[in-house]
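J.: Here is my input; please provide its structure:
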Amino acid sequence: MSELLYNSTRGGETGCTASQAVLKGLAKDGGLFMPDRIPAFDFALSALKDASYQEVAYRVMRLLLTDYTEEELRACIRGAYDEKFDTPEIAPLTFADDAYYLELFHGKTIAFKDMALSILPYLMTTAAKKNGVTNKIEILTATSGDTGKAAMAGFADVPGTGIVVFYPKGGVSRFQELQMLTQKGDNTAVVSIEGNFDDAQTAVKQIFGDRAFEAELAAKRVQLSSANSINIGRLVPQIVYYVHAYLELLKEEKIAEGESINVCVPTGNFGNILAAYFAKRMGLPIDKLICASNDNKVLFDFFETGVYDKNREFILTTSPSMDILVSSNLERLLYLSAGCDATKTRELMEALKTSGKYAVTEEMRKATRDFVGGYATQEEVAARIRSLYEKTGYVIDTHTAVASKVYEDYRKKSGDKTPTVIASTASPFKFSRAVMEAIAGDVSKLDDFAVLELLRDKAGVPFPPAVEEIRHAEIRHNRSCKPAEMESMVRSILFE
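T.: Numbers count the residues shown, from 1 in each chain. Got it, this is the predicted structure:
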């Protein structure tokens, strides 16, 4: 198997190994790392239908992380996918109302980010050793709610690393906020900002691009990396669970070998659905990729018109992890749809930076025809949570409900009866108040933990360990700043 090399989507860095791309996180020119080709599966899917999640992970990830040895990669996988997940399947499928819900929330922080952030610290520390890096690796990340906790949990007290997370104050659920504020680990820090996720993400990218700050850190033997899905080490592990879901359907004889499925994904930053697209390009029989947006429907509008325009009202919704107007991972799809033309990608990203919008060519639109956009309003999300519960007894969170509603609308409109997997991205316990308001009406007189107990009784499932942990945890973090102060905040955290 020949080695894959990674290049920036904007052309400024080329020829990086997989481990180097994982370590860097973001290219120096602000671009995202992409492999010089997307490899095809070198195995028959039917041969893996009885394989464990860990074995599937190895067989898929080895194709993209080619400079990791078998021993290194298997060790990373063993460390990541173990008893920290509360189901032996790691990512089980549940059938409800004509769709298969891929439950990606059985990890330590009860959100899909655990699927990749459980392994990223292992991939990163292994990469550091492979490349002779002795500097401290400081993870710098913006979060819209879930990445922050999952990244902090993954990197907490990992030798040679530290992590700083920025999140929008008032822009995450109270449960998400408490998960971050109570995170243990001497190398962890979390900071609320006065602004939204896009403000935080933009400032983080600016910090990565500050060459003077980079030199200052290097002099103190520190280098920055990212745990956001802009890091290829986040994206690659996400491909695995779509392959695993297909194999489970094959094993249970819900589909025949080679039969296509659709995938419907609630997304704001575009990484989760991009992973499904990678799986399709590698050989997984996926027909339509249904991109589900909430009221911040910038992606829906893009797939409808070919114009990406962030110049619009930013809406705080009951699905806050999707409250995003700058979908960073879409840059990777643009790069692919432009025939890996870094110059064209750079032009589009410069237009986004200067005017807040860009338009793609007809050829590029044709290259994205596998995607179908849809969106659901907050009112539709609440109604879908309630109707699904009343019809089946199955309880889903607000983000999953965005996808569920979008898929329901797509099926009615298209008549498409292709078996469909819906990415269920968070436990309903993580957004218990919005879920219970949808099911039971006004719960404003109940405190947060009373709402959790009500949800437990309605759903008929025990509390996940993450809920029990929050109930008794102490607040450990209390920093806040403005977006313009974020670099100074990082400096004070690292060197105070």
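J.: where do the strands sit along the stretch 351-496 of the chain?
T.: With DSSP state E, counting those that start in this stretch, the ranges of strands along the stretch 351-496 of the chain come out as 357-359, 371-375, 420-424, 479-481.
J.: To Leu64, which of those lies closest?
T.: When those are compared by CB to CB, strand 420-424 sits nearest Leu64, at 19.9 Å. Placement of C-beta: from N, CA and C, glycine included.
J.: picking up where we left off before, I'd like the strands of the stretch 351-496 of the chain as TSV, with mean neighbour count, mean pLDDT and distance to Ala128 appended.
T.: Shown next, in TSV, are the strands of the stretch 351-496 of the chain (neighbours: other CB atoms under 10 Å; pLDDT from 0 to 100; distance: least, CB to CB, whole Å):
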stretch	mean neighbour count	mean pLDDT	distance to Ala128
strand 357-359	17	98	36
strand 371-375	20	98	36
strand 420-424	26	98	31
strand 479-481	16	96	27
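J.: Out of those strands, the one nearest Glu216 is which?
T.: Taking the strands of the stretch 351-496 of the chain one by one with CB to CB, strand 479-481 is closest: 18.7 Å.
J.: For that closest one, which strands pair with it and how are they oriented?
T.: Strand 479-481 pairs in its sheet with strand 188-193 (parallel), by DSSP bridges.
J.: what's the strand it pairs with in contact with?
T.: 148, 152, 155-156, 162-169, 180-181, 183, 199-200, 203, 477, 479-483, 486, 489, 493 (CB atoms under 8 Å, 6 or more residues apart in numbering).
J.: Tell me the secondary structure at Tyr246.
T.: helix (DSSP: H, G, I helix; E, B strand; the rest coil).
J.: show me where the stretch 251-400 of the chain has helices.
T.: Along the stretch 251-400 of the chain, the stretches classed as helices by DSSP state H, counting those that start in this stretch are 271-282, 298-305, 330-337, 342-355, 362-367, 378-392, 398-414.
J.: who wins for proximity to Pro462 among those helices?
T.: That would be helix 378-392 among the helices of the stretch 251-400 of the chain, by CB to CB, at 17.9 Å.
J.: Summarise which helices and strands the closest one is packed against.
T.: Applying 3 or more CB pairs under 8 Å, 6 or more residues apart in numbering; DSSP states H and E, we find helix 378-392 packed against helix 398-414, helix 432-440.
J.: can you give me the strands for the stretch 201-350 of the chain?
T.: According to DSSP E, counting those that start in this stretch, the strands that the stretch 201-350 of the chain contains are 222-225, 261-266, 286-293, 307-309.
J.: Reformat these as CSV; add distance to Ala245, mean neighbour count and mean pLDDT.
T.: Shown next, in CSV, are these (distance: least, CB to CB, whole Å; neighbours: other CB atoms under 10 Å; pLDDT from 0 to 100):
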stretch, distance to Ala245, mean neighbour count, mean pLDDT
strand 222-225, 29, 20, 94
strand 261-266, 8, 28, 98
strand 286-293, 10, 24, 98
strand 307-309, 29, 17, 98
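J.: And these: which comes nearest Leu104?
T.: Distance to Leu104, taken as CB to CB, is lowest for strand 261-266 among the strands of the stretch 201-350 of the chain, at 10.2 Å.
J.: so what does the closest one touch, helix or strand wise?
T.: Counting by 3+ CB pairs under 8 Å, 6+ apart, the packing neighbours recorded for strand 261-266 are helix 232-251, helix 271-282, strand 286-293, helix 398-414, strand 420-424.
J.: CA-only coordinates of the shortest one in CSV, if you can.
T.: Think strand 420-424. C-alpha atoms of strand 420-424 as CSV (Å, rounded to 0.1, in the frame of the first residue of the first chain):
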residue,chain,number,x,y,z
THR,A,420,-31.7,5.3,5.5
VAL,A,421,-29.4,5.8,8.4
ILE,A,422,-29.9,8.9,10.5
ALA,A,423,-26.9,10.0,12.5
SER,A,424,-28.1,10.4,16.1
